[in-house]
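Peer 1: Build me a structure from this.
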Amino acid sequence: MVATDKVFGGSIPDIYDRFLVPLIFHQYARDLAERIAATGPRDLLETAAGTGALTRALVSILPAHTRIVATDLNQPMIDHAAAKSAPPGRVTWRQADALSLPFADQEFDVVGCQFGVMFFPDRIAGYREARRVLKQRGRFFFSVWDRIIDNEFAETVTEAVAAIFPKDPPLFLARTPHGYCNIEQIREELSAAGLKDISVEAITHTSKAASPRDVAIAFCQGTPLRNEIAARDASRLDEATEAAAEAIAKKYGRGQIEGRIKAVVVAATA
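Peer 2: Next up, the predicted model:
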């Protein structure tokens, strides 16, 4: 991972929420929220909450008495999520680093993290922090994307943008979101952090979009892939987006389209 992989600023939060969340996050957010709700938590911490896809799913399914604290490293993402939070006051939003959480030992029944641990520069440290703030026998739930080859739109966008910059291809999607899917490694790192009763389940869904351009905007302008493109030549962002849209159209059609997405859902006990 490079430094810009963690930067979700500028117009990224809005585009991320409008295009990327409905494209790939909604189904997994509901699934993870249901797994968390089944444990009956009274105090719940979410890390790497982004613009609040999982948070909103949790609010819709958990009883009103459940305390929900949602955090993210990027203040712009928290600001965007908090502005959309409903009902008001249901969630406490805080900027926080998942590797150094500003909470007491054994404060929460559950820690949840949807598609965030891939961004941790030290995942074992992040897992230790989750274990530290969990009550005894508390549960840690998180999801990661599976291989990019199993996530069709992301793979096609990566290939199309790489063709624009063949000497120095932007590989954010392959490197970070889809770069942490080795199940044995995940198990080993969770165990090294002191977590146990580890379960892992791969889940495949169908991603749907109104048009190829919506997919291209989602990935090229609503993720840190945008930062990589800009670092090479900011004037070519629209060109890269259009190239990605055309590649998607050639593979999946020019109207409403569908593509396979696959993720891994992990649960562990403190």
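Peer 1: Looking at the chain, name the residue that lies furthest from the middle.
Peer 2: Residue farthest from the centre of the chain, counting by CA atoms, centre = their mean, is Lys167 at 28.5 Å.
Peer 1: List the buried residues for whichever strand or helix holds Phe142?
Peer 2: Assigned by DSSP states H and E, Phe142 falls within strand 134-145. The neighbour-count check on strand 134-145 (16 or more other CB atoms under 10 Å) flags 134-135, 138-145 as buried. Every residue, glycine included, has its C-beta placed from N, CA and C.
Peer 1: low-scoring stretches of the stretch 151-270 of the chain, by residue?
Peer 2: Nowhere does the stretch 151-270 of the chain drop to pLDDT under 70.
Peer 1: can you pull out the helices in it?
Peer 2: 152-164, 172-175, 183-192, 212-221, 225-233, 237-252 (DSSP state H, counting those that start in this stretch).
Peer 1: Packing partners of the first one?
Peer 2: Secondary-structure packing of helix 152-164 (3 or more CB pairs under 8 Å, 6 or more residues apart in numbering; DSSP states H and E): helix 172-175, strand 196-209, helix 212-221, helix 225-233, helix 237-252, strand 257-269.
Peer 1: same deal with the second one?
Peer 2: Contact here means 3+ CB pairs under 8 Å, 6+ apart; on that basis helix 172-175 packs against helix 152-164, helix 225-233.
Peer 1: next one: that helix to chain centre, how far?
Peer 2: 13 Å (CA atoms, centre = their mean, to the nearest Å).
Peer 1: Likewise for the fourth one?
Peer 2: In terms of CA atoms, centre = their mean, the gap separating the centre of helix 212-221 from the centre of its chain is 16 Å.
Peer 1: who does the strand holding Phe142 pair up with?
Peer 2: Note on strand 134-145: by DSSP bridges, its sheet partners are strand 108-114 (parallel), strand 257-269 (antiparallel).
Peer 1: Name the residues of the longest one that are buried.
Peer 2: I take that to be strand 257-269. Going by neighbour count (16+ other CB under 10 Å), the buried part of strand 257-269 is 257, 259, 261-269.
Peer 1: follow-up on the earlier one: ok, so of the buried residues of strand 134-145, who is nearest Glu188?
Peer 2: Of all the buried residues of strand 134-145, Val144 has the smallest distance to Glu188: 14.4 Å, by CB to CB.
Peer 1: The closest one contacts Ile183, correct?
Peer 2: No: look at Val144 against Ile183 with CB atoms under 8 Å: they stay out of range, at 9.7 Å.
Peer 1: Common neighbours of these two, please.
Peer 2: Val264 (CB atoms under 8 Å, 6 or more residues apart in numbering).
Peer 1: center of this protein - which residue?
Peer 2: Note: the chain centre (CA atoms, centre = their mean) maps to Phe115, 2.9 Å.
Peer 1: number of nearby residues for Ile68?
Peer 2: Ile68: 21 surrounding residues under other CB atoms under 10 Å.
Peer 1: let me fix that: Glu246
Peer 2: For Glu246, using other CB under 10 Å, the count is 15.
Peer 1: returning to what we had before: how far off centre is the strand holding Phe142?
Peer 2: 15 Å.
Peer 1: Okay, angle between it and helix 183-192 too, please.
Peer 2: Angle, strand 134-145 to helix 183-192, by axes from the mean of the first three to the mean of the last three CA atoms, to 10 degrees: 160 degrees.
Peer 1: what angle separates strand 134-145 from helix 152-164?
Peer 2: Interaxial angle, strand 134-145 versus helix 152-164 (the same axes, to 10 degrees): 60 degrees.
Peer 1: so which of the helices of the stretch 151-270 of the chain is the most packed in?
Peer 2: helix 212-221 (a mean of 25; mean count of other CB atoms under 10 Å).
Peer 1: who touches that one?
Peer 2: Helix 212-221 is contacted by residues 11-12, 15-16, 19-20, 23-24, 153-154, 157, 161, 173, 209, 225-226, 229, 237, 240-242, 244-246, 248-249, 252-254, 257, 259 when judged by CB under 8 Å, 6+ apart.
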